[in-house]
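Colleague: This is a predicted model, with the sequence first.
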Amino acid sequence: MEILFTLFIIIFAAPAWLPIIRNRQLWPKLMQPLIAFSVSGALQLVFVNGVAMKLFLLNYSLRFAAIGVPCGILALVLCARSGASSSARVGVVVSSWLSLAMWLLFITLH
């Protein structure tokens, strides 16, 4: 099951990271939202793999979400306030919403 969740987390990060990987540059105006989103995604990976390795229980999802959800919301707010074009920030916005949906799924699973 952890492989499936890990795969979903990586797929959800693709809209944010693929334009950057293709162009091989990080737009300065999107650096802060992308960092906030990446922290949320990294926490999801740590949580899923930690539960799979039995380092902690699924009940810890709220503790991880207490950091991950605000990071996802921060990414959305920073995207809205950045001066980047709407086409450039669409990937970070989509990935942030998908990340928030994943956090809600983890919270409801416990």
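Modeller: Noted; the coordinates are in hand.
Colleague: Could you state which residue of this protein sits nearest its centroid?
Modeller: Centroid-nearest residue in the chain: Gly41, 3.4 Å away (criterion: Cα atoms, centre = their mean).
Colleague: do you know how far the spatially closest residue to Pro19 that is not a sequence neighbour is from Pro28?
Modeller: Using Cβ to Cβ, 6 or more residues apart in numbering and skipping the chain neighbours, the partner closest in space to Pro19 is Gly91 (5.5 Å). Every residue, glycine included, has its C-beta placed from N, CA and C. Taking Cβ to Cβ, to the nearest Å as the measure, Gly91 falls 16 Å from Pro28.
Colleague: ok, those two, which is more surrounded?
Modeller: Between Gly91 and Pro28, counting by other Cβ atoms under 10 Å, Gly91 is the more crowded of the two (21 against 10).
Colleague: just checking, what packs against the host helix or strand of the residue nearest to Pro19?
Modeller: For Gly91, the host element (DSSP states H and E) is helix 86-109. Here helix 86-109 is seen to pack against helix 2-23, helix 31-52, helix 61-81 when contacts are counted using 3 or more Cβ pairs under 8 Å, 6 or more residues apart in numbering; DSSP states H and E.
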